[in-house]
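*Asks:* Predicted coordinates and the sequence they were generated for:
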Amino acid sequence: MVVIESQYFPPIEYFSLLKEQSDILIDTGEYFVKQTYRNRCHILTSNKTLSLSVPLKGVNKKIFTKDIKIDYSENWMKDHWKAIVSAYGRSPFFEYYEQYTYDLIHGQPELLLDLNSNILSFCLKVLSLDVNIAYSEKYVDSSEEGFEDCRSVIHPKKGRLERNIDKSSRYTQTFGHNFVENLSILDLVFCCGPESKMHI
């Protein structure tokens, strides 16, 4: 069984990994790791690749992923949604998934884990991926037999090619002449809709 962390609108590579598995265990008992995909994603705008980050409470000290709370003192939902509409409002399948995406971002769950879990459920349905997702109640010791540790393997600061996970193929993106690899799953879904699974 593959052990992996919860992510916010994960990159396409995350789903390339999930596509090859029948069972996934998401570790909720790990200490939260900053500057990762756990609370951020990358989308493609008309000018550049843009990072969207969910603000969190108490991450300057050791805290378990399952206990991480979202900071709603600033209206990050408005900023994220505005950026997504600007980036994908004219993409072929935006209107099909617009309301679902809006509702996910504006749902205001207290915990990051709940937000990410809702996003993952939505993505698996759109991609028609039949994967059993389980959540640990405590930290998973990857030295135990039968576990493959993929926590923090898919990381924005680590070389993608070194991991040999991403099996995705190119597709027509909304902006630019140069294809940008491994963006948030939002990029693929809004651009390719029901055919997204073919590209992961």
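*Replies:* That came through fine.

*Asks:* List the buried residues for stretch 12-30?
*Replies:* Buried residues in stretch 12-30, defined by neighbour count with 16 or more other CB atoms under 10 Å: 12-18, 21, 24-28, 30. Where you see a C-beta, it was placed from the backbone N, CA and C, and this is true even at glycine.

*Asks:* Next, the distance between the ends of that stretch.
*Replies:* One end of stretch 12-30 to the other measures 23 Å (CA to CA, to the nearest Å).

*Asks:* before we move on, what about stretch 59-74?
*Replies:* Stretch 59-74 has its terminal residues 16 Å apart, counting by CA to CA.

*Asks:* before we move on, what about stretch 24-44?
*Replies:* End-to-end for stretch 24-44, by CA to CA: 28 Å.

*Asks:* Likewise for stretch 67-78?
*Replies:* Where stretch 67-78 begins and where it ends lie 24 Å apart, using CA to CA.

*Asks:* Can you mark which positions in that stretch are buried?
*Replies:* In stretch 67-78, the ones that count as buried by 16+ other CB under 10 Å are 68, 70, 76, 77.

*Asks:* Among the buried residues of stretch 12-30, which ones are in strands?
*Replies:* 24, 25, 26 (DSSP state E).

*Asks:* JSON lines please, covering the buried residues of stretch 67-78 and showing distance to residue 35, pLDDT and secondary structure.
*Replies:* Below are the buried residues of stretch 67-78 laid out as JSON lines (distance: CB to CB, whole Å; pLDDT from 0 to 100; DSSP: H, G, I helix; E, B strand; the rest coil):
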{"residue": "68", "distance to residue 35": "14", "pLDDT": "97", "secondary structure": "coil"}
{"residue": "70", "distance to residue 35": "17", "pLDDT": "98", "secondary structure": "strand"}
{"residue": "76", "distance to residue 35": "16", "pLDDT": "98", "secondary structure": "helix"}
{"residue": "77", "distance to residue 35": "21", "pLDDT": "98", "secondary structure": "helix"}
